[in-house]
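Student: Got a predicted model here, sequence first, then my questions.
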Amino acid sequence: MILVDASVYIFRAYHALPDSLTGRDGQPLNAVYGFVDFMCNLLEQARPARVGVAFDESLESSFRNRFYPDYKANRESAPPALKAQIRLCMDLCRAMGLTVLVSAEYEADDLIGSLMALEDGPVTIVSSDKDLAQLLRSGDILWDFARETRFDPNGIRDKFGVNCDQIADYLGLVGDPVDNIPGVAGIGAKSAAALLNAFETLDSLYADLDAVEQLELRGARAARRKLEVGRDIAFLSRRLATIACDAPLSIADRDLAVRTADGEALAALCDQQGIGSRLLDKMRNATGS
């Protein structure tokens, strides 16, 4: 089973490819060309039996915004031209026979986590988002397909110095500026890893803050003071960083079997939007339609 964090690759294509790639009436299609090309390459290489493609539609309406209004407030809303391309990417994925997942309340990460909670077998998550590492279990892979990097749980441990089930606690300490998650001021990645290796969880750490000063940690006394000041922020940040694995999923959402592509729908979409024959042929080849 492969679960794709679509927005990562759509935004990457949007910023990497020139907006001179246009369709009918001159509307930009650079994100569409880049993302669909990526999806076709993924399908041709992996040949998965089950695929879910999760999109973000909750930048300002995520359930996280209800308890922390500044969540992702540093991000600008997608311009109308990009929003139109995102919708087209969804339509093309559906026509290619893939299950599309999107929610106004839950982010793509949450939809991926909720699907994984229902799955006993190994899962490959296709994304470059480190937050998703918290979902990995034995046999699972976090694969940034475009950059050809793969991490299993041991690889995550090597990269961050903590286990997958400690990633949310780790982000509670260091924060995540990409998502405007504050973290504890003055606690960096090395200190956070050392603290979690000693205490295992954020709860255990804050249950015995005095013990921090006894650690072989540079600036241990100062770290203890920073942690004490940042207690509420640490737990808030962990809550923001924790992926929800209980998002409501319909029966259709759970059926990730790759279906036969709708060749007529693909051709109609490409004709309506002015997508060239090269990309249409690539979609047909990738899906056997």
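Tutor: The structure has been received and is ready for your questions. Numbers count the residues shown, from 1 in each chain.
Student: all helices for the stretch 51-200 of the chain, in order.
Tutor: For the stretch 51-200 of the chain, the helices defined by DSSP state H, counting those that start in this stretch cover 64-67, 80-95, 108-116, 153-160, 167-174, 189-199.
Student: will you turn those into CSV that also has mean pLDDT and distance to Asp262?
Tutor: For the C-beta atoms, the positions are set from N, CA and C on the backbone; glycine is no exception. Listed next are these as CSV, based on pLDDT from 0 to 100; distance: least, CB to CB, whole Å:
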stretch, mean pLDDT, distance to Asp262
helix 64-67, 92, 35
helix 80-95, 94, 5
helix 108-116, 97, 23
helix 153-160, 97, 38
helix 167-174, 98, 39
helix 189-199, 96, 46
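Student: Of all those helices, which one is nearest Ala220?
Tutor: helix 189-199 (9.1 Å; CB to CB).
Student: orientation of the closest one relative to helix 167-174 in degrees?
Tutor: Calculated by axes from the mean of the first three to the mean of the last three CA atoms, to 10 degrees, helix 189-199 forms an angle of 130 degrees with helix 167-174.
Student: Excluding sequence neighbours, find me the nearest residue to the residue of the chain positioned farthest from its centre.
Tutor: Farthest-out residue of the chain from its mean C-alpha position, per CA atoms, centre = their mean: Gln214, at 37.2 Å. With sequence-adjacent residues excluded and distances taken as CB to CB, 6 or more residues apart in numbering, Gln214 is closest to Ala220, at 7.4 Å.
Student: Same check on Asp70?
Tutor: Asn180 (5.7 Å).
Student: quick one: Gly97 and Arg259 touch, right?
Tutor: Yes - with contacts counted by CB atoms under 8 Å, Gly97 reaches Arg259, the gap being 3.8 Å.
Student: So for these two, which sits in the more crowded spot?
Tutor: Taking other CB atoms under 10 Å, Gly97 and Arg259 do not tie; Gly97 has more neighbours (19 against 14).
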